[in-house]
Each structure stands twice: as structure tokens, then as C-alpha cells.
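>>> With the input below, show me the fold.
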Amino acid sequence: MNLSPKGRAGSFAVLDERTVAYLDFGGSGAETIAHLRENGRITLMWCAFEGPPNIVRVHGDGEAVFRDDPRFAELVARFPDGGKPAIRAVIVVTAHRISDTCGFAVPFLEYQGERTLHEEYFGRKSDPEFAEYCAAKPHVGASLDGLPALPLPLPPRP
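Presented below is the predicted three-dimensional model:
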């Protein structure tokens, strides 16, 4: 199982009735990419921390679209944050099942605002510096269990 929290505003898009996508940013390993390359399975989950207790999941097949893929530029243009630094790939998910369940045990949390640390940190790096950063991180080129993950060296952005 791979769990990878997301949440940066402007990094999620609905592409059509059954397809969603999100921007994959650098800053950690590449477990999601590695597992998608291995078997294509992915589940996305949203939790309500305020209001009624609800959880929504999208179960489907996913694909990592890398910077050197001809579809990358067109996909990135679909996102408000598509011009931001540190984008490694676009994860495209075709939904096979959408489910909702109770979140009776989910704690109440109060939304206070967006964190800007990621964008600020990577905004100071040029694209070649970001590629060096990715190459130096453990578990970016390969997952914890040795599966191929992000192609290295990281291709430049188109």
C-alpha cells in the first residue's frame, strides 16, 4: 500500500467524466509513480475534516505522464498551478469506481490556509538545480522496494 498526501491548491483537475489528474511535485520519494508503473492501480481519497463526516474515494487506473511525453505540456496547461516549479509528472487517473463512506472516526481539523513553503523552496531552484535535487534524493529513481520510479536524469520541462 502506498499513501501519499496531497493538497496543494491548483494541482488537481477534472479532465472529463471519468478522468482526473494531479500534478506530481518533487520533495519526497516517488512511490506512487513506481507503483503506477508496476501495476497501474491507484485510489484517491478525500476526507472531510469539517462539517458532515464523509470520505470519497476514486478507484481506478493511473499513469504518470513524464516531462518528455508529448502529452505533458498540454496536460500541465489544464492546471492553475501548471507553471509552478518542481513539477515532475502529471498523474492521470481513469475512474472505475467512485465510493463514499462515513468518516465517523475522522477528527475535526480547522482549515487555516495554504502552506507556501514548498513553492517558496522550489521557486528558488532553476530547472537544472531541481533535476540535480531529484537525482540526489533516495527513492526517486527507484521505490523503496526497487521498482523503477521517476526517470532520471529528469528531463527538462518543455
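
>>> Determine the next helix or strand in the C-terminal direction from the biggest strand by length in the chain.
The longest strand of the chain (DSSP state E) is strand 87-102. Once the chain leaves strand 87-102, the next helix or strand it forms, by DSSP states H and E, is helix 117-123.

>>> in that next one, what counts as buried?
Across helix 117-123, burial judged by 16 or more other CB atoms under 10 Å covers 118-119, 122. To be clear about C-beta, it is placed using only N, CA and C from the backbone, and glycine gets the same treatment.

>>> and what of stretch 89-97?
89-95.

>>> Repeat that for stretch 146-154.
For stretch 146-154, burial by neighbour count (16+ other CB under 10 Å) applies to 147, 149-152, 154.

>>> do the same with stretch 10-28
Within stretch 10-28, the residues that count as buried by 16+ other CB under 10 Å are 11-13, 20-26.

>>> I'd like these laid out as CSV, including secondary structure.
Shown next, in CSV, are the buried residues of stretch 10-28 (DSSP: H, G, I helix; E, B strand; the rest coil):
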residue, secondary structure
S11, coil
F12, strand
A13, strand
V20, strand
A21, strand
Y22, strand
L23, strand
D24, strand
F25, strand
G26, coil
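
>>> Check those and tell me the two furthest apart.
Farthest-apart pair in these is V20 and G26; separation 21.0 Å (CB to CB).

>>> Low-confidence ranges, this protein, go.
Scanning the chain for pLDDT under 70 picks out 1.

>>> Give me the residue at the spatial middle of it.
Centroid-nearest residue in the chain, with CA atoms, centre = their mean: D24, separated by 3.5 Å.

>>> so what's that one up against?
By CB atoms under 8 Å, 6 or more residues apart in numbering, the contact set of D24 is 30, 32-33, 64, 87-91.

>>> Quickly note the distance from the nearest residue to E114 once chain neighbours are set aside to R115.
Closest residue in space to E114, ignoring its immediate chain neighbours: A9 at 5.3 Å, by CB to CB, 6 or more residues apart in numbering. Separation of A9 from R115 (CB to CB, to the nearest Å): 10 Å.
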